[in-house]
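**Q** Let me see the structure of the following:
(one chain, ligands or ions: 2)
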Amino acid sequence: MLRIITQRSEAEAELKRICDRIYDDQITHKEATVSEIVQTVRRQGDKALLHYTAEFDRQEFDASELRVSGSELDAAYQQVSGELLKAIELAHRQVLDFHRQRVPKSWVQFGDKEVVLGKRYNPVDAAGIYVPGGQAAYPSTVIMNAVPAVVAGVKRIAMVTPPGKEKSVNPAILVAAQVAGVEEIYRVGGAQAIAALAYGTETIPKVDVISGPGNIYVTLAKKQVYGHVGIDSLAGPSEVLVIADHTANPRHVAADLLAQAEHDSLAAAILITTDNRLASLVVEEVNHQLENHPRRIQTEKSIAHYGLVVVADSLKEAAELSNQFAPEHLELEVAEPWDMLEQIRHAGAIFLGHSTPEAVGDYLAGPNHTLPTSGAARYASALTAETFIKSSSIIHYSPAALKDAAWAIDALTEAEGLPSHGDSVRFRVEEQ
Ligand SMILES: NC(=O)c1ccc[n+]([C@@H]2O[C@H](COP(=O)([O-])OP(=O)(O)OC[C@H]3O[C@@H](n4cnc5c(N)ncnc54)[C@H](O)[C@@H]3O)[C@@H](O)[C@H]2O)c1
Ligand SMILES: N[C@H](CO)Cc1c[nH]c[nH+]1
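**A** Ligands and ions are numbered 1, 2, ... in the order given. Alright, predicted model coming up:
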C-alpha cells in the first residue's frame with residue numbers, strides 16, 4: 001500500500017531511507033556474497049562461472065557453450081516478429097543519432113614560444129556490456145549500451161546476459177545485439193559475469209570498461225571490481241520520482257509509478273504533489289492497476305517498501321525534496337514544466353510535461369536509459385560514448401619556453417624536496 005506523508009521532516013527521513021536502500025542492513029550481507037563470487041571467479045575462471053550459473057540461474061552447461069554460437073544468432077531472427085524487428089531498428093537509429101551528437105574530439109592550442117597543449121582522445125580497447133535478464137528481458141538495454149561503445153570506436157565489445165530456460169538467450173536480445181553490431185555474446189549473468197569481464201577467464205577475455213544496469217548483485221559487483229576496470233555508474237534497481245500538480249492525470253501518474261516498481265522489488269516509485277486530491281486518487285489508481293498486474297507480487301513489494309506519496313506545500317518544496325533524493329528518473333507532470341526545470345539540480349533524466357512518460361526514454365527517444373541510481377545522480381550521469389573514451393594530455397615545450405619556465409619549476413621542486421625534478425629542467429637549460 002502506497003503511503004501518504006504530509007510532514008516535511010518525515011518526508012525527508014523516508015526519502016533518505018529509500019535512497020539508501022541498497023546500502024541498508026538487510027542488504028549489506030549481500031556485499032559479502034558478492035565478494036566471494038567475484039574472488040572465486042578471479043581464482044577459478046570458467047569453472048566458477050559454470051558453478052554459479054548452475055546455482056543462481058539453474059542452468060547447467062560446459063564452458064564450450066558459454067559463448068552464443070553463430071547459428072543461434074542467425075536463428076534469433078526467425079523468432080522475432082517483423083514488428084519487433086522494426087521497433088528495435090527504430091530505437092537503434094534514434095539512440096545512435098543522439099549519441100553521435102557529443103563525441104569528444106582531440107584538440108591542441110598553441111601558445112607563445114612553440115608551447116603546444118591539448119588533449120588526445122582514444123577509445124578503450126575492449127568494452128563489456130551487461131544486459132539484465134533475471135526478472136525481465138531487456139533488448140532495449142542492449143541498444144542503450146552497445147551504441148555508445150560503437151560510437152566511441154571501441155574495437156571489441158563483449159556482451160553478457162543471464163541464460164534463460166534451457167540455456168537459451170532471449171531472441172530479441174540476440175537480434176538487438178546484431179542490429180547494434182555486437183556478436184561476442186556470453187550466456188552468464190549476475191556478479192559472476194561482472195567478475196569474468198573484469199578479470200577474464202579461459203573463455204571470456206578481460207575488458208577495460210564495464211557498462212550496463214543490473215540488480216543488487218550486479219551493482220555491488222561493479223562497485224567491487226572498479227579500479228581493475230572502469231565502470232559507467234552504479235545503475236542499480238530502478239527509481240522514478242514524479243512531481244505533479246493539480247493538472248496531472250492520476251491514472252497516468254499511477255502507471256508511471258508502477259512502470260518502475262515492476263522492474264524489481266528493490267525499485268522505488270515516489271510521487272511528490274502539491275495537490276491533496278491527486279495524492280489520494282493516485283493511491284486508489286495504483287491499487288486498481290495492481291489488481292490484475294502480471295508481476296503483482298514483486299511490484300507490490302516494491303510499492304510497499306519503497307513507494308511513497310508526499311504532499312508538499314509548494315513546487316519549490318517539491319524540487320528541494322527531489323534534489324535531496326537525486327532520482328534516476330524525474331517526471332515533471334506540472335502545468336509549466338519548463339519553468340520548473342530551473343529548480344532541478346540532480347536527476348539522471350528529466351521528463352517534461354504530461355505527454356512524456358518515462359517509458360519514452362526507456363525505449364527510443366534517444367538519450368540513454370542506463371542511469372545512476374541510489375543518489376548517484378548527485379555526481380554521475382547517463383551512459384554516453386565518453387564512458388568508453390579516455391584522454392591523454394598533450395604537452396610540448398621548445399628550448400626557449402623551457403628556459404622561461406625554469407625558475408618557477410626550480411622553486412616548486414625545492415619546496416617539494418624533489419631535486420631530480422629540478423635537475424631534469426636545469427641540465428637542459430644549462431646545455432642550451
Ligand atoms: N538503472 C538503470 O539504468 C536500469 C536499467 C534497466 C534495468 N535496471 C535494473 O536492472 C535490474 C534487473 O534485475 P534482474 O534481476 O531482472 O536481472 P539481472 O541480470 O540484473 O540479475 C540476474 C542475476 O542475478 C543473480 N542472482 C539472482 N539471485 C542471486 C542470489 N541470491 N545470489 C547471487 N546472485 C543472484 C543471478 O546470477 C542472475 O543471473 C532491476 O533491478 C532493474 O530495476 C536498471
Ligand atoms: N526503466 C529502466 C531504467 O531504470 C530501463 C528500462 C528498460 N526497459 C524498460 N525500462
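**Q** The stretch 251-400 of the chain: strands as residue ranges?
**A** With DSSP state E, counting those that start in this stretch as the criterion, the stretch 251-400 of the chain has strands at 268-273, 307-311, 329-333, 349-352, 389-396.
**Q** what packs against the fourth one?
**A** Here strand 349-352 is seen to pack against strand 329-333, helix 337-341, helix 358-363 when contacts are counted using 3 or more CB pairs under 8 Å, 6 or more residues apart in numbering; DSSP states H and E. Glycine gets a C-beta too; all of them are placed from N, C-alpha and C.
**Q** In CSV, list these along with mean neighbour count.
**A** Formatted as CSV, these follow (neighbours: other CB atoms under 10 Å):
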stretch, mean neighbour count
strand 329-333, 27
helix 337-341, 15
helix 358-363, 18
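**Q** now those in JSON lines, with distance to Ala279 and mean pLDDT?
**A** Shown next, in JSON lines, are the helices and strands packed on strand 349-352 (distance: least, CB to CB, whole Å; pLDDT from 0 to 100):
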{"stretch": "strand 329-333", "distance to Ala279": "13", "mean pLDDT": "98"}
{"stretch": "helix 337-341", "distance to Ala279": "18", "mean pLDDT": "98"}
{"stretch": "helix 358-363", "distance to Ala279": "20", "mean pLDDT": "98"}
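**Q** and of the strands of the stretch 251-400 of the chain, who's closest to ligand 2?
**A** Nearest of those to ligand 2, taken as CB to the nearest ligand atom: strand 329-333 at 6.8 Å.
**Q** Quick check: can you name the pairing partners of that closest one and their directions?
**A** Strand 329-333 pairs in its sheet with strand 239-244 (parallel), strand 349-352 (parallel), by DSSP bridges.
**Q** got the residues of the protein near ligand 1?
**A** Neighbours of ligand 1 within the chain, by CB under 6 Å from any ligand atom: 33, 56-57, 132-136, 138, 141, 162, 189-191, 213-215, 217-218, 235-238, 263-264, 267, 328, 369-371, 373.
**Q** who in this structure is up against ligand 2?
**A** Tyr138, Ser140, Thr141, Ser238, Glu328, Asp362, His369.
**Q** and the fourth one, what does it touch?
**A** The contact partners of Ser238, taken as CB atoms under 8 Å, 6 or more residues apart in numbering, are Pro213, Gln260, His263, Asp264, Ala267, Ala268, Glu328, His329, Thr373.
**Q** Looking at neighbours, which among these is most surrounded?
**A** Using other CB atoms under 10 Å as the neighbour test, the contacts of Ser238 are led by Glu328, with 31 neighbours.
**Q** For Ala312, see how far away that one is.
**A** In this view, Glu328 and Ala312 are 20 Å apart by CB to CB, to the nearest Å.
**Q** repeat for Gly134
**A** Relative to Ala312, and taking CB to CB, Gly134 is found at 35 Å.
**Q** which one of those two has more residues nearby?
**A** When neighbours are counted by other CB under 10 Å, Ala312 comes out ahead of the other of Gly134 and Ala312, with 23 against 17.
**Q** was I right about that one contacting Thr273?
**A** Yes: when contacts are counted by CB atoms under 8 Å, Ala312 is listed as touching Thr273 (7.0 Å).
**Q** Mutual contacts of these two, please.
**A** Taking CB under 8 Å, 6+ apart as the contact rule, Ala312 and Thr273 both touch Ala318.
**Q** hang on, isn't His346 packed against Asn323?
**A** Yes: taking CB under 8 Å as the definition, His346 is a contact partner of Asn323 at 5.2 Å.
**Q** who's in contact with Val116?
**A** Val116 is in contact with Val108, Gln109, Phe110, Ile394, Ile395, His396, counting by CB under 8 Å, 6+ apart.
**Q** related to what we said a few turns ago, can you add distance to Gln101 and give the helices and strands packed on strand 349-352 back as JSON lines?
**A** Shown next, in JSON lines, are the helices and strands packed on strand 349-352 (distance: least, CB to CB, whole Å):
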{"stretch": "strand 329-333", "distance to Gln101": "21"}
{"stretch": "helix 337-341", "distance to Gln101": "20"}
{"stretch": "helix 358-363", "distance to Gln101": "16"}
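**Q** ok, for Glu414, nearest residue in space, not its chain neighbours?
**A** Of all residues not flanking Glu414 in the chain, Gly422 sits nearest, at 6.6 Å (CB to CB, 6 or more residues apart in numbering).
**Q** So the one you found lies in a helix, does it not?
**A** Yes: under DSSP: H, G, I helix; E, B strand; the rest coil, Gly422 falls within a helix.
**Q** For the helix or strand harbouring Ala411, buried residues please.
**A** Taking DSSP states H and E as the criterion, Ala411 maps to helix 399-416. Judged by neighbour count using 16 or more other CB atoms under 10 Å, the buried positions of helix 399-416 are Ala401, Leu402, Ala406, Ile409, Asp410, Thr413.
**Q** Put together JSON lines for the residues you listed, with pLDDT and distance to Arg67 on each row.
**A** What follows is the buried residues of helix 399-416, written out as JSON lines (pLDDT from 0 to 100; distance: CB to CB, whole Å):
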{"residue": "Ala401", "pLDDT": "98", "distance to Arg67": "53"}
{"residue": "Leu402", "pLDDT": "98", "distance to Arg67": "53"}
{"residue": "Ala406", "pLDDT": "98", "distance to Arg67": "57"}
{"residue": "Ile409", "pLDDT": "98", "distance to Arg67": "53"}
{"residue": "Asp410", "pLDDT": "97", "distance to Arg67": "58"}
{"residue": "Thr413", "pLDDT": "98", "distance to Arg67": "53"}
